[in-house]
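Undergrad: Predicted structure and sequence below. I'll ask about it afterward.
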Amino acid sequence: MKPQLLRRMGSTIHAGRLTTERILRDWEPISEEVAEDEEEAPSKSLSPDEEECLNDILTALNENVEQDPKYQRVTDLLLDEGWLQRGCIIFSQYYESIYWLANQLSDHDLPNERIGVYGARDRSGIMHGGVFEQRDRDELKGMIRSGEIRLLLGTESASEGLNLQRLSTLINLDLPWNPTRLEQRKGRIQRIGQVADTIYIYNMRYRNSVEDRVHELLSERLEQIHNLFGQIPDMLEDAWV
């Protein structure tokens, strides 16, 4: 339970809140007597201490969900630094995160923008004016090629098989623990036919989160490889460093 919860909280405060609520709602509380005998405890159960801890986490997340610093940084990049004008794809490992972000942008800062949401087949569509309309994924691809969509938010479903040369910026809302995933994401826009001379990538992580620690450890390992061989693979240098 703990790694899953930490990773989802590392994506967005909203995803962490939904996961905490889901555990509290769906997992069965157990009494102190049962907790002392693990063999009798159900497989998806919460001890009183765990339930109290999760309620404390939920309180903290609820107090901060409207002030998620990732949202502010995304809007800075899209609007103040011109990434929307260049065309942008935003990746997350979790559908809850991209749907929340699309809805927030559509409700507040980009009410007139058609925002593509690319997930599973029945969860893909367009967010416009705070309203989500389900669309076929092939239709979304065509709208990107024609320039009707300048902003696409996707899960890992969008990291393979998409040709998005019309978009030249990429935001990783959260970081997968496997650097190869970053290369796959980058490959959606860094390919033959890219219309821009330079592509821009921004990797996000909360300070002191699990992702921050993983990024630190991988960066240290890459530095060791560089010191030993004098270089690191181009893929890792481009996608990670």
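TA: In hand now; what should we look at?
Undergrad: mind listing the strands in this protein by residue range?
TA: 28-29, 45-46, 88-91, 115-118, 125-128, 131-134, 151-154, 169-172, 200-203 (DSSP state E).
Undergrad: Determine which of those shows the lowest mean per-residue pLDDT.
TA: Mean pLDDT is lowest for strand 28-29 out of the strands of the chain, coming in at a mean of 78.
Undergrad: ok, back up a step: can I get the strands of the chain in TSV including mean neighbour count and distance to Val74?
TA: In short, each C-beta sits where N, CA and C put it, glycine included. Shown next, in TSV, are the strands of the chain (neighbours: other C-beta atoms under 10 Å; distance: least, C-beta to C-beta, whole Å):
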stretch	mean neighbour count	distance to Val74
strand 28-29	12	37
strand 45-46	18	34
strand 88-91	26	7
strand 115-118	25	12
strand 125-128	21	14
strand 131-134	12	18
strand 151-154	26	10
strand 169-172	24	6
strand 200-203	16	9
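Undergrad: Distance to Leu222 for those - can I get that in TSV?
TA: Shown next, in TSV, are those (distance: least, C-beta to C-beta, whole Å):
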stretch	distance to Leu222
strand 28-29	44
strand 45-46	39
strand 88-91	21
strand 115-118	30
strand 125-128	36
strand 131-134	39
strand 151-154	26
strand 169-172	17
strand 200-203	14
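Undergrad: out of those strands, nearest to Glu52?
TA: strand 45-46 (9.4 Å; C-beta to C-beta).
Undergrad: partners of that closest one, with directions?
TA: strand 28-29 (parallel) (DSSP bridges).
Undergrad: Pull the residues that contact the partner strand.
TA: Contacting residues not belonging to strand 28-29 are listed as Pro42, Lys44, Ser45, Leu46, Pro48, Glu51 [C-beta atoms under 8 Å, 6 or more residues apart in numbering].
Undergrad: Just name the closest of those residues to Leu151, please.
TA: If you rank the contacts of strand 28-29 by distance to Leu151 using C-beta to C-beta, Lys44 comes first, at 37.8 Å.
Undergrad: Test my guess that that closest one contacts Asp26.
TA: Yes: because the distance of 7.1 Å satisfies C-beta atoms under 8 Å, Lys44 is recorded as touching Asp26.
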